[in-house]
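Trainee: next input, structure requested:
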Amino acid sequence: MAKKIVVTGLGTSSPLGGNVADTWKALLAGESGVSTLDHDWVAQYDLPVTFAGQAKVHPSEVLERHEVKRLDPSSQLALISAREAWADAGSPDVDPERLGVDYATGIGGIWTLLDAWDTLRERGARRVLPMTVPMLMPNAAAGIALSMHLGARAFARTVASACASSTESIVNAYEHLQAGLADIIVAGGTEAAIHPITIASFSSMQALSRRNDSPETASRPYDVARDGFVMGEGAGSIVLETEEHAKARGARIYAELAGGGVTSDAYHITAPDPEGRGATRATMLALEHAGASIDDVRHINAHATSTPVGDIAEYKAMRSVFGDRLDQIAVSATKASTGHLLGGTGALEAIFTILALHERTAPPTINLDEQDKDIPLDVVTSPRSLGTGDVLAISNSFGFGGHNAVAAFRSV
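Mentor: Predicted coordinates for the structure are as follows:
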């Protein structure tokens, strides 16, 4: 018999705020976390895109000096968010061998890697820091920052599936709890890849918005004038456990993680299947695990990156799953406010989905001035009540390489 998996703790450091409360408040207020980059390297490399969704609170303002020195920025953000989530869950007293970590990143320690390369070229091999490799590893957030801090000995697993990474980690955590591999799991993802090389690369593939004169309105999901995504950085962490375990320790429960689905397009290096077939299957798997029908879904936090091709492919997938029922589902596209956190985006948006259920309020989508007629969704543009009774919501994430991950959450 399937176990009921519940959410008992939330933590984040995002472009909208340094914690969950500030981030959620800013999101509901329709604020943008996107701004012009104030770095010398923007002009040095003549970057065609000069803005991004930077973390609202710099990790150096939160962490101890030795933690900043020994962790890549991606792991710093992960540690901040995980500490908040763990405290929010009541700092559970759990056997370390029954505590696991399912964490993700899309790129990992890119700042550490490229800073070390500059040091090697300019100052020689002896000046490269001995912690360089542990800091740049994609598993550094899960294995070094989180598991060592929390003393998690059940496992510390890392997913790297591009922009689907942290949603896939959440789905993995669901499966690992169902399998009895742990009593509590900290799941989520992180990214700190606002770097000249990633901006240059994404720009070269025509993936980024170039609204340098108006960065706060650049991410425009579903708008006819959308011209690409906006890079963001941050982390999101979620404490998950079985309902039985949570109730036994008297934990506060935000929502149920009802199920999830993970599929692959096997279609193109960067483009999604134009008909959204992989995304469709991932959604159907999530609903199947949740024991739910399409009629149970009232809210979707869409991947909605603000790219001309991606938004339509996701719409086709949603229409394929829900048919006419889609017209009655409240859809939020929160990257308009945060930018796209790449490997961390699914975790942040899962938190938004969980809070939408917990507070019965779907968050708004900003910057939608003229909705694309080819994407006739019921887009939430101001905070909207999700009503009473049992509510099911899903959170979508899709990534380069054809990765699709969908998590389903239910109100409690």
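
Trainee: can you tell me the helix or strand for W24?
Mentor: W24 is part of helix 20-28 when elements are defined by DSSP states H and E.

Trainee: chain center to the next helix or strand after that helix, what's the gap?
Mentor: Downstream of helix 20-28, the first helix or strand assigned by DSSP H and E is strand 35-36. Averaging C-alpha positions (C-alpha atoms, centre = their mean, to the nearest Å) puts strand 35-36 21 Å from its chain's average.

Trainee: and strand 35-36, what does it pack onto?
Mentor: strand 51-52 (3 or more C-beta pairs under 8 Å, 6 or more residues apart in numbering; DSSP states H and E). For every residue, glycine as well, the C-beta is placed using N, CA and C.

Trainee: listing partners with orientation, what would you give for the strand it packs on?
Mentor: Paired strands of strand 51-52, with direction, are strand 35-36 (antiparallel) (DSSP bridges).

Trainee: the strand it pairs with - what's its average pLDDT?
Mentor: Confidence for strand 35-36, expressed as mean pLDDT, is 98.

Trainee: what does stretch 125-133 give?
Mentor: Per-residue scores along stretch 125-133 average to 96.

Trainee: that stretch: end-to-end distance?
Mentor: With C-alpha to C-alpha, to the nearest Å as the measure, stretch 125-133 spans 14 Å from end to end.

Trainee: now the strands for the stretch 251-400 of the chain?
Mentor: 255-264, 297-301, 330-332, 361-362, 378-379, 384-385, 392-399 (DSSP state E, counting those that start in this stretch).

Trainee: deepest-packed of those, please.
Mentor: With neighbours defined as mean count of other C-beta atoms under 10 Å, these peak in mean count at strand 392-399, which reaches a mean of 28.

Trainee: and the protein, what are its domains?
Mentor: 5-248, 260-410 (automatic domain parsing).

Trainee: one step back: in the helix holding W24, which residues are buried?
Mentor: Buried residues in helix 20-28, counted by 16 or more other C-beta atoms under 10 Å: V20, D22, T23, W24, A26, L27, L28.

Trainee: which of those sits closest to E243?
Mentor: V20 (21.6 Å; C-beta to C-beta).

Trainee: leaving out chain neighbours, which residue sits closest to that closest one?
Mentor: L10 (4.9 Å; C-beta to C-beta, 6 or more residues apart in numbering).

Trainee: just the CA trace of the helix or strand containing that neighbour, in CSV.
Mentor: Per DSSP H and E, L10 falls inside strand 5-13. C-alpha atoms of strand 5-13 as CSV (Å, rounded to 0.1, in the frame of the first residue of the first chain):
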residue,chain,number,x,y,z
ILE,A,5,4.2,11.6,1.9
VAL,A,6,3.9,15.1,3.4
VAL,A,7,5.8,18.4,3.4
THR,A,8,6.9,19.6,6.8
GLY,A,9,9.5,22.2,6.1
LEU,A,10,10.3,24.8,3.4
GLY,A,11,13.4,26.9,2.8
THR,A,12,14.7,29.2,0.0
SER,A,13,17.1,31.9,-1.0
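
Trainee: coming back round to it: what's the closest of the strands of the stretch 251-400 of the chain to G124?
Mentor: That would be, of the strands of the stretch 251-400 of the chain and by C-beta to C-beta, strand 392-399, which comes in at 37.5 Å.

Trainee: helices or strands next to that closest one in the packing?
Mentor: helix 165-178, helix 277-290, strand 297-301, helix 308-322, helix 345-358, strand 403-410.

Trainee: which two of the buried residues of helix 20-28 have the greatest separation?
Mentor: The widest separation within those (C-beta to C-beta) is 12.3 Å, between V20 and L28.

Trainee: where are the low-confidence patches of the stretch 101-250 of the chain?
Mentor: Scanning the stretch 101-250 of the chain for pLDDT under 70 picks out nothing.

Trainee: please enumerate the helices of it.
Mentor: 110-123, 132-136, 140, 147-150, 165-178, 196-204, 243-248 (DSSP state H, counting those that start in this stretch).

Trainee: before we move on, back to that, and the strand holding L10, what does it pack onto?
Mentor: helix 20-28, helix 73-88, helix 165-178, strand 234-242, helix 243-248, strand 255-264, helix 345-358.

Trainee: how about a markdown table for those, with distance to S201 added?
Mentor: Listed next are the helices and strands packed on strand 5-13 as a markdown table, based on distance: least, C-beta to C-beta, whole Å:
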| stretch | distance to S201 |
| --- | --- |
| helix 20-28 | 28 |
| helix 73-88 | 17 |
| helix 165-178 | 18 |
| strand 234-242 | 20 |
| helix 243-248 | 43 |
| strand 255-264 | 23 |
| helix 345-358 | 18 |
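
Trainee: between the ones you listed, which gets nearest to V391?
Mentor: Closest among the helices and strands packed on strand 5-13, once you apply C-beta to C-beta, is helix 345-358, at 5.7 Å.

Trainee: so T338 makes contact with A55?
Mentor: No: T338 is beyond contact range of A55, at 10.5 Å (criterion: C-beta atoms under 8 Å).

Trainee: before we move on, back to that, what is the nearest of the buried residues of helix 20-28 to F398?
Mentor: L27 (21.1 Å).

Trainee: wait, that closest one sits on S337?
Mentor: Yes: between L27 and S337 there is a contact at 5.6 Å, judged by C-beta under 8 Å.

Trainee: for stretch 265-276, buried residues please.
Mentor: D265, P272, D273, G276.

Trainee: export the residues you listed as JSON lines, with columns for pLDDT.
Mentor: Below are these laid out as JSON lines (pLDDT from 0 to 100):
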{"residue": "D265", "pLDDT": "90"}
{"residue": "P272", "pLDDT": "84"}
{"residue": "D273", "pLDDT": "87"}
{"residue": "G276", "pLDDT": "87"}
